[in-house]
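# pasting the structure only:
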């Protein structure tokens, strides 16, 4: 922490504090690239930075590594959430997260609203205050005991969640990323209801297999190729491996199988055909690989309420039954696959999150709940 003091001799406390990214007061949640501790890279949606500060304003220094969509940072201060747009020019910039605050202790969560459509290189924060001084502290509450990981697509990432004027309808024509907010994803709603620490390993457009889905088209990249990565967007640089020893979840949700119908809906067209069988084989290998990595975790296999052919849920159920592991379960939402033709909006995601949280709570060991 770099404190700038007043020039008045009677002022004992700093009125400005610069917080470096490796300051112990900052608590990170999510897959964060710490190869350079002074310039960590935020990649995945719902990556959190939590701390407390005594002061009247908070600014953030960063570089936005832009690929597509409009980009913004999310911040929750004293329970009030807002978004702050960030420029898409790959240059060092400073944004105001809060200003004009009462000089008291504030709680803050800075979070990544979007997936790897952009990376955020964090350079630090600045807190300003009055003659009462400035102070920066870690979060008061400890990390949640329950740890949760979600592998998914745009729905798990909260894409277009804030387009509440389009509930139950297709996405608005003006969507350019401005409605995306991982805070309002079903995954985040479920994690907060469970009081769980969440790693939201979600990417819009992604399917299971390379060459399918919508991510990184026309050279589509699948979850098989990204699930074990820290950085994985080819446009934003070389991939980096993820160290699974850094986070061991109690529950893992696999929510994939909706973008997999592009370019061909193989499961609906010919369920017993070669392509559909290949997908089920790979899905099983993926789930069994997660079981190897997390031998004690509860694995929940699902899709979402986004409209899709029921054959994909049948495929997941068949794989789940074939694996025959009492700690690997198939979960269906009340309106699974039929809820909406567009992305899931805030009220829909909240209902999904509650359904998922209830299911998870019912199947977790009592000593973890």
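Nice, I can see it. Only a predicted model underlies this, so the values are computations on that prediction, with no experimental measurement involved.

# quick one: least confident helix or strand in the protein?
In the chain, the helix or strand scored least confidently by mean pLDDT, DSSP states H and E is strand 2-4, which has a mean of 57.

# partners of the helix or strand that that strand is followed by, with directions?
Next helix or strand after strand 2-4 toward the C-terminus (DSSP states H and E): strand 16-19. Within its sheet, strand 16-19 is paired with strand 2-4 (antiparallel), strand 118-128 (antiparallel), according to DSSP bridges.

# helix or strand right after strand 16-19?
Downstream of strand 16-19, the first helix or strand assigned by DSSP H and E is strand 27-29.

# so what does the following helix or strand past that next one touch, helix or strand wise?
Next helix or strand after strand 27-29 toward the C-terminus (DSSP H and E): strand 32-33. Where contact means 3 or more Cβ pairs under 8 Å, 6 or more residues apart in numbering; DSSP states H and E, strand 32-33 is packed against strand 41-42. For the C-beta atoms, the positions are set from N, CA and C on the backbone; glycine is no exception.

# report the angle between the helix or strand following the strand it packs on and strand 118-128.
Counting by DSSP H and E, the element after strand 41-42 in chain order, helix or strand, is strand 48-55. Here strand 48-55 runs at an angle of 20 degrees relative to strand 118-128 (axes from the mean of the first three to the mean of the last three Cα atoms, to 10 degrees).

# for strand 48-55, packing partners?
strand 16-19, strand 27-29, strand 104-112, strand 118-128, strand 135-137.

# residue 146 against residue 248, yeah?
No. Between residue 146 and residue 248 there is no contact, the gap being 11.7 Å when judged by Cβ atoms under 8 Å.

# between those two, who's got more neighbours?
Legend: neighbour count by other Cβ atoms under 10 Å for residue 146 and residue 248, higher for residue 146 (19 against 13).

# mind checking how far that one is from residue 280?
Counting by Cβ to Cβ, to the nearest Å, the gap from residue 146 to residue 280 is 31 Å.

# now do residue 16
Using Cβ to Cβ, residue 16 is found at 58 Å from residue 280.

# kindly report the same for residue 245.
Using Cβ to Cβ, residue 245 is found at 30 Å from residue 280.

# quick one, strands of the stretch 151-300 of the chain?
Secondary structure of the stretch 151-300 of the chain (DSSP state E, counting those that start in this stretch): strands located at 196-202, 229-231, 240-241, 251-255, 298-302.

# can you list the ones you listed in TSV and add mean neighbour count and mean pLDDT?
Below are those laid out as TSV (neighbours: other Cβ atoms under 10 Å; pLDDT from 0 to 100):
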stretch	mean neighbour count	mean pLDDT
strand 196-202	26	99
strand 229-231	19	99
strand 240-241	12	99
strand 251-255	25	99
strand 298-302	22	99
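
# can you put those in JSON lines and add distance to residue 132?
JSON lines is the format used below for those (distance: least, Cβ to Cβ, whole Å):
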{"stretch": "strand 196-202", "distance to residue 132": "33"}
{"stretch": "strand 229-231", "distance to residue 132": "41"}
{"stretch": "strand 240-241", "distance to residue 132": "43"}
{"stretch": "strand 251-255", "distance to residue 132": "44"}
{"stretch": "strand 298-302", "distance to residue 132": "48"}
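
# nearest to residue 136, of these?
Ranking the strands of the stretch 151-300 of the chain by their distance to residue 136 (criterion: Cβ to Cβ) puts strand 196-202 first, at 21.8 Å.

# who's in contact with the closest one?
Residues outside strand 196-202 that contact it (Cβ atoms under 8 Å, 6 or more residues apart in numbering): 29-31, 44-47, 115, 143-144, 146-157, 182, 185, 187-188, 190-191, 227, 247, 249-251.

# strand partners of that strand, parallel vs antiparallel please.
With DSSP bridges as the test, strand 196-202 is paired with strand 146-152 (parallel).

# between strand 298-302 and the partner strand, find me the angle.
With the same axes, to 10 degrees as the basis, strand 146-152 and strand 298-302 are set at 30 degrees to each other.

# cheers, nothing more for now.
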